[in-house]
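*Asks:* Predicted coordinates and the sequence they were generated for:
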Amino acid sequence: MTRNGHPPAPAAFQEMWRDLSPVGRHPGSGGYRRFAWTAADSDCRSWFREQAEARGLAYEVDRNGNQWAWLGDPAAGDAVVTGSHLDSVPDGGAFDGPLGVVSAFAALDELRGRGVEFGKPLGIVNFGDEEGARFGLACVGSRLTAGRLGIAEAHRLTDADGITLPQAMEAAGYDPDAIGADPERLSRIGAFVELHVEQGRALDLNGDRVGIASAIWPHGRWRFDFRGQANHAGTTRLGDRRDPMLSYAETVLAARREARLAGAVATFGKIAVEPNGVNAIPSLVRGWLDSRAADQTTLDAMVTGIEEAAHDFAAEHGVELDVVRESFTPVVEFDHALRDELARILGKEAGLKVPVLGTGAGHDAGILSGTVPTAMLFVRNPTGISHSPAEYAAEDDCVAGVTALADVLEGLARR
């Protein structure tokens, strides 16, 4: 809500949302398939550029493919930046990422309508490949920029079709040899605030529209390779089988048990099977584990328990097992001073009741937190569903998020 108690006109937000909504949406599932360096990704990037240029902002793409739109000269330093990402998980929802980008442009429109004079440069960013849906590593664009992903490692990233990240970037018209850490760019940023739909129901359960993030749980991805022996499903006796699917299935159940005991979360959400025939016993079952917990000790103990159980199951069925940690992000405590400033702005100046809550989801803000002061705003998600076509936020809550973001940006960047 605005200070006079009335919501701002949402026309600009609605129009942007309507224009972006069909991009990358699959007609069968209703979900989004906006994967890095694909045609849908290109359309999203074109949309971002159009929004920047329509507002007279200076537009640029950095060496890692992240898009930036600037009001004022970023070289002046101490810039206030907001934004998120536009890519999606397979058959993801409309709000995860895009809500933060659309809200950033809408917040700028709101501030211009207020006649705010900015004393600092204001930036809007779309970070590339945040979800990691294509190459298996989340937050590639921000990791590269922050120096948390090396060039050699990035060049080895490969999608399910064997296409490497450099090949995909080059096909999309970008230079893969130019990627890498960008400390000069990050040194210009005095504060980064990312707005995101809440991926959970904490706000809804408490009746709040907007919240402030306290921290991101430590989380990681582990690949479990169960190797058995391919054989005929109709002629091989049960006792003669070395079936990796059995070990994998038991490990999935073990992960659920370990997570429940730890008060954390563990999910096997992706699987690859060879030879993947209905009438064939698999030779390989490869499953990817996503694990998250409120603290490092709990996460380590849970993953160790899952690995030990998996090795026991593999031995029981005559199966070999390799476990590889593919990515990991330690706990992220957002900048306390910036977090407190957001609470002051929204609480005292805007009169909002704004709770502070943790999250188990990773974000670009978390990657940047080790380099620049970062904070996050969450918008209520009434179902708590995310990474699904059922992901949702009500229009009035989205508008409340835009207003909150505008209040924050005004407080941080006004003259």
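*Replies:* Received the coordinates, thanks. Residues are numbered from 1 along each chain as shown.
*Asks:* what about the host helix or strand of residue 315, average pLDDT?
*Replies:* Assigned by DSSP states H and E, residue 315 belongs to helix 296-316. In this model, helix 296-316 has an average pLDDT of 97.
*Asks:* One more: stretch 167-175?
*Replies:* For stretch 167-175, the mean pLDDT works out to 97.
*Asks:* Any idea how far apart the tips of it sit?
*Replies:* End-to-end span of stretch 167-175 (Cα to Cα, to the nearest Å): 10 Å.
*Asks:* Any buried residues in it, and which?
*Replies:* Judged by neighbour count (16 or more other Cβ atoms under 10 Å), stretch 167-175 contains these buried residues: 168, 169, 172, 174. Where you see a C-beta, it was placed from the backbone N, CA and C, and this is true even at glycine.
*Asks:* could I get those as TSV with secondary structure and distance to residue 194?
*Replies:* Output for the buried residues of stretch 167-175, formatted as TSV (DSSP: H, G, I helix; E, B strand; the rest coil; distance: Cβ to Cβ, whole Å):
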residue	secondary structure	distance to residue 194
168	helix	25
169	helix	24
172	coil	24
174	coil	23
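*Asks:* Listing request: residues of the protein with sub-threshold pLDDT.
*Replies:* Along the chain, segments meeting pLDDT under 70 span 1-11, 349-350, 415.
*Asks:* same thing but 90
*Replies:* By pLDDT under 90, the weakly predicted segments of the chain are 1-12, 200, 215-216, 327-330, 332, 347-354, 357-362, 370, 414-415.
*Asks:* Report the contact partners of residue 255.
*Replies:* 266, 267, 268, 289, 291, 306 (Cβ atoms under 8 Å, 6 or more residues apart in numbering).
*Asks:* Need the buried residues of stretch 167-175 in CSV (columns: distance to residue 147).
*Replies:* Shown next, in CSV, are the buried residues of stretch 167-175 (distance: Cβ to Cβ, whole Å):
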residue, distance to residue 147
168, 22
169, 18
172, 23
174, 19
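*Asks:* Relative to residue 116, which of these is nearest.
*Replies:* Comparing those against residue 116 with Cβ to Cβ picks out residue 174 as the nearest, at 34.7 Å.
*Asks:* I'd assumed residue 65 was in contact with that closest one.
*Replies:* Yes - between residue 174 and residue 65 a contact is recorded at 5.5 Å, counting by Cβ atoms under 8 Å.
*Asks:* Now do the shared contacts for the two.
*Replies:* In contact with both residue 174 and residue 65: residue 37, using Cβ under 8 Å, 6+ apart.
*Asks:* For the nearest residue to residue 202 once chain neighbours are set aside, give me its contacts.
*Replies:* Using Cβ to Cβ, 6 or more residues apart in numbering and skipping the chain neighbours, the partner closest in space to residue 202 is residue 357 (5.0 Å). Residue 357 makes contacts with 202, 203, 211, 212, 213, 214, 378, as judged by Cβ under 8 Å, 6+ apart.
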